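[1] Curious how this folds, go ahead:
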Amino acid sequence: MQVWFDTEFSAIDKINGVPMLISIGCIAQDAREFYAELSETWHPANCSDFVVQYVLPLLNGGECSMRETELAVRLKDWIESLSDKEVILRSDAPFFDWPWVEQLFQFYGCWPKNLRRKCGTIYFNHDYQIRRYEQGLADYWKTNGGRRHHALVDARSLQFAWKFAIRRGV
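    Sure, this is the predicted structure:
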């Protein structure tokens, strides 16, 4: 089972302090989704200007907002509910996104029994697939550009572009 995921965090560098996870969005190959925002690990004053301008206004709040311990358990349960077989989380930026997932499960000691312990990347064997992936992203953002940098919407864009890239008969 493949799952495309994205995270948003307080800053990409340490100018404003230690970057902290803000939200995570996941979409499974069968279209089941998971989205959560952390409530106590970050503060707007510690966010980069980019995050304040483009990420924070898109947060859902409400039921999506939770403590880190709850996120760890809910995400573990969601991943384990997807399949009895191995689940692979795929990211277009594994060096940024994966450490948050890895740290979350390791710190709380709740690694999902079916989750691969290495991030899957988004890769293709052929140049035409790379071009089609990039075209799929561009097409997706023409329609959904106003929600770019919302972790779940970004995850959906990755899945959409992946499917566009591997589609046969085009």
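
[2] Where does Tyr123 sit: helix, strand or coil?
    The three-state label given to Tyr123 by DSSP: H, G, I helix; E, B strand; the rest coil is coil.

[3] And it, how close does it get to Ser91?
    Distance check for Tyr123 against Ser91: by Cβ to Cβ, to the nearest Å, it reads 11 Å. In this view, the C-beta of every residue, glycine as well, is placed from N, C-alpha and C.

[4] Same question for Glu63.
    For Glu63, the distance to Ser91 - Cβ to Cβ - is 25 Å.

[5] follow-up on the earlier one: neighbour count for Tyr123 and Ser91, which is higher?
    A direct count of neighbours by other Cβ atoms under 10 Å for Tyr123 and Ser91 places Ser91 higher, at 22 against 10.

[6] Quick one: mean pLDDT for stretch 86-95?
    Averaging pLDDT along stretch 86-95 gives 96.

[7] Centroid-nearest residue for the chain?
    Most central in the chain under Cα atoms, centre = their mean is Asp6, positioned 1.6 Å from the mean C-alpha point.

[8] what helix or strand is that one on?
    Assigning secondary structure by DSSP states H and E places Asp6 in strand 2-9.

[9] CA atoms of that strand as PDB?
    C-alpha atoms of strand 2-9 as PDB (Å, rounded to 0.1, in the frame of the first residue of the first chain):
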ATOM      1  CA  GLN A   2       1.400   3.400  -1.000                       C
ATOM      2  CA  VAL A   3       0.600   6.600   0.900                       C
ATOM      3  CA  TRP A   4       1.700  10.000  -0.300                       C
ATOM      4  CA  PHE A   5       2.300  12.500   2.500                       C
ATOM      5  CA  ASP A   6       3.400  16.000   3.200                       C
ATOM      6  CA  THR A   7       4.200  18.000   6.300                       C
ATOM      7  CA  GLU A   8       4.200  21.700   7.200                       C
ATOM      8  CA  PHE A   9       6.500  23.000   9.800                       C
END
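
[10] tell me what the lengthiest helix in the chain is packed against?
    Identified as the longest helix of the chain according to DSSP state H is helix 127-144. The contact analysis (3 or more Cβ pairs under 8 Å, 6 or more residues apart in numbering; DSSP states H and E) places helix 127-144 against helix 151-166.
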